[in-house]
Structure formats: C-alpha cells, structure tokens
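coords please:
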Amino acid sequence: MRTSNFKIASCLVLFLAGFIIQATAQPTSLTKEEMEYYTSMWTGERFPDGRPKVPDETLRRMRHVSVTEAWQNLNSMRDETNQGPVSFGEYRMPAYTNQYVGDWKQLREGIVVCGRASTMHFMPYRPDLNGLIQQQGNKDGRSRGQYTWGIDQLQEGDVYVANVAEGILDASHVGDNLGTTIWTKTGNGAVIRGTVRDMFGNLDVDENFNLFVRDFRPQANSSNLCIGVNCPIQVGYVTVMPGDVVLATNEGICFIPPQLALRVIEISERTRMQDVWAHMGVREGRFTAQQADGAYTPEMHAEFTQWLKDNTNSMTKFFEDPDEAPSPEFIKAYIKEREETNFNRR
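Numbers count the residues shown, from 1 in each chain. Now for the predicted structure:
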C-alpha cells in the first residue's frame, strides 16, 4: 500500500511540476526543451533558452549574400535526414520553398538587416485572455507593457521579428523609445509584420538602424496582446523560427534555417567569384551570354581555376566592398574542390 501511495504521490508531483513549468510563459512561448526539439536540426551553440546561436562570423558573411541567391538556393535545399511528406498526404522532395516575403516598406533604403531571429507573436486583443496573460506575466516578473516583453530579452546580433497581427490602424508597435532599445541591445534592426510610428524619431536612433514594416502610422499599439515570445510565427507566407538567420535587403526578406546558413553562404561566395570573372570575359568580348551564365567550356573551367589561383590572396581588388571577397582559405578549398571534380561543378 505504501508503494502504491508513493507512486501516486510521485505521479501527482510530476504532473503538478509539469503544469507549473508550462504555465510560466505565454501560451505559445517555447520552453528550452521545446526550443531544442523544434530546432533540433541545428547542432551548434545555443543561447541559455535553447535558441540556436549562429556564429557571428557566419552572420558577417551572410550580409553580403543577395536575397535572390539565398532564396533560389533554399528552394532546392533539404536537410540530410528525410523530413517526411509534404502536408495533406502529398509526397515530393522536401525543400525550403516558403522562406521569402516581399513588398515591405523600410525606414531607410540600402541598409542591410542581418542577424538571428528573436520572435514575438501578437494576436488581436481579447479581454479575458489578455487578463490571464497579464496575470501570468506579473508572476513571471514581467512589466505591464506586453509590447516590451520580446524586446526586453534581445541579445547582441539579434533581429527583432514581430508578428503584430497585420495591425494597421491602431496597432503601431515600435516608436523611437523602443527603436532605441532595439538598436542598443542588438546593434541591428527589426522586421515587423504591422506598423511603426515615430518615423523621424527612429531615423535619429542611428544611421545604420533599419526597420522593415508593412507601413508607418501615428497611433500607438492598443489593440493586441502578447501570445508568445520566441515561438514560431508567421511573416507573410513564411514560418519563422527563433534562431533563423534573417537577411533583409531592398530585394525583400529571406528567413534561413540556421542549419542551412553556411551552405547558403558558400554557394553565394562561389557564385560571386564566378560572376566577377564571367563579367570580365563578357566585357572583353570573349564569352557569350550563355557561357557567362554557366555553360562553361572545358577551356573556360581551366581558365577560371587558374584565375582563382592567381588571385587567391588578392581577391579583394575585384570588389567595391573588400568584405565581399571570400577568404583565401575558402578560395583554396574551392580550387581543390574544382580540381577533384574535374571542373564539372559550377
């Protein structure tokens, strides 16, 4: 009898503990264990809450990748393990086809936003649910301002990504006070599926501070509630996970799964050097459009590889921004790869 009672008591304690753990966050926020599970394809470093922490050097290189390149390559990428069928019983090769969203307004043109996604999920205000969320937030030591909950926990290098329920009229989310906080904490910008106010105040935050938004409006956010922080959110037709690499430029926004970030960069850097070399050949009248676009002859392959060897340590001279040039170590590895594949890989 004692054994049975002990088992029952133990099960009750575990049940209550599980309930308490689950109740210490907003309804859709991920626990550390859930974060690690739902981002388990990432095997690198993580933040204390389990969010993937893509290295700073990877983010530095990603800033020079075009959204066109990133999206095009993600369309044909898959993880090493089979991720199962597409939804609704449709069987085809799993690939990252839903990673791009366009048609955004920017605080300032030409400033790239690139970093690790830290997400926040709003939903339209509902009094009963909002009251319970606020009660739980009070227990967790959060402020009354739910609109700050996702901003308070930003880290250096993050991009704040908020789904503000596509709010337009009375749901402007970030004014210059929050804009200053985002920039100070991250040294980066934000992607907000909603509207932003205090445009001119945000312009004064820093010359490198940029916001990608649906629109600019004067009203404050008064019609939403925070349903989750660092959870999966929808931006356009993209499912964004905490820790995704955000690449936002004048071309639009691409959300890159962390485990694929380095592959996207390496393809881009190879293509970048190929394009520089091919464009020179076109200007000199030596290559046709088809050849420059990838239909290399064996002679062109050999010439390109020799060009790489001749400029391994001086590639920066071919780029307006020297940081766009791949490193000598990367170029040497690319030369070896080409030689091993007999110039068959572009």
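
Quick one: neighbours of residue 75, just the number.
As a burial measure, residue 75 scores 13 neighbours (other C-beta atoms under 10 Å). Where you see a C-beta, it was placed from the backbone N, CA and C, and this is true even at glycine.

Quick check, it in contact with residue 96.
Yes: contact criterion C-beta atoms under 8 Å: residue 75 and residue 96 qualify, at 7.0 Å.

hmm, who's touching stretch 281-293?
Residues from elsewhere that reach stretch 281-293 (C-beta atoms under 8 Å, 6 or more residues apart in numbering): 278, 279, 297, 300.

how close does the second one get to residue 267?
Okay, so that is residue 279. Separation of residue 279 from residue 267 (C-beta to C-beta, to the nearest Å) stands at 18 Å.

So which of these two has more stuff around it?
Using other C-beta under 10 Å, the more surrounded residue of residue 279 and residue 267 is residue 267, with 17 against 13.

Please, which helix or strand holds that one?
With secondary structure defined by DSSP states H and E, residue 267 is part of helix 261-283.

Report the mean per-residue pLDDT for that helix.
Per-region confidence: helix 261-283 scores 96 on mean pLDDT.

buried set for that helix?
Neighbour-count burial for helix 261-283 flags 261-262, 264-274, 276-278, 281 (criterion: 16 or more other C-beta atoms under 10 Å).

where does the stretch 101-250 of the chain have low pLDDT?
Applying pLDDT under 70 to the stretch 101-250 of the chain flags residues 166-171, 221-222.

For it, which segments are assigned as strands?
Using DSSP state E, counting those that start in this stretch, the strands found in the stretch 101-250 of the chain span residues 105-106, 113-124, 158-163, 190-196, 211-216, 224-229, 233-235, 238-240, 245-249.

Next, format those strands as CSV and append distance to residue 175 and mean neighbour count.
Below are the strands of the stretch 101-250 of the chain laid out as CSV (distance: least, C-beta to C-beta, whole Å; neighbours: other C-beta atoms under 10 Å):
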stretch, distance to residue 175, mean neighbour count
strand 105-106, 16, 14
strand 113-124, 16, 25
strand 158-163, 14, 27
strand 190-196, 8, 26
strand 211-216, 11, 20
strand 224-229, 15, 23
strand 233-235, 21, 19
strand 238-240, 23, 18
strand 245-249, 20, 26
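
Tabulate those strands in JSON lines, adding columns for distance to residue 323.
JSON lines is the format used below for those (distance: least, C-beta to C-beta, whole Å):
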{"stretch": "strand 105-106", "distance to residue 323": "22"}
{"stretch": "strand 113-124", "distance to residue 323": "12"}
{"stretch": "strand 158-163", "distance to residue 323": "19"}
{"stretch": "strand 190-196", "distance to residue 323": "23"}
{"stretch": "strand 211-216", "distance to residue 323": "22"}
{"stretch": "strand 224-229", "distance to residue 323": "33"}
{"stretch": "strand 233-235", "distance to residue 323": "28"}
{"stretch": "strand 238-240", "distance to residue 323": "27"}
{"stretch": "strand 245-249", "distance to residue 323": "15"}
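
Select, out of those, the one closest to residue 26.
Counting by C-beta to C-beta, residue 26 lies closest to strand 224-229 out of the strands of the stretch 101-250 of the chain; the figure is 4.7 Å.

And for residue 56, nearest residue in space, chain neighbours not counted?
Excluding its sequence neighbours, the residue lying closest to residue 56 (C-beta to C-beta, 6 or more residues apart in numbering) is residue 157, at 6.3 Å.

list the contacts for the one you found?
For residue 157, the contacting residues are 56, 59, 115, 116, 186, 187, 188, by C-beta under 8 Å, 6+ apart.
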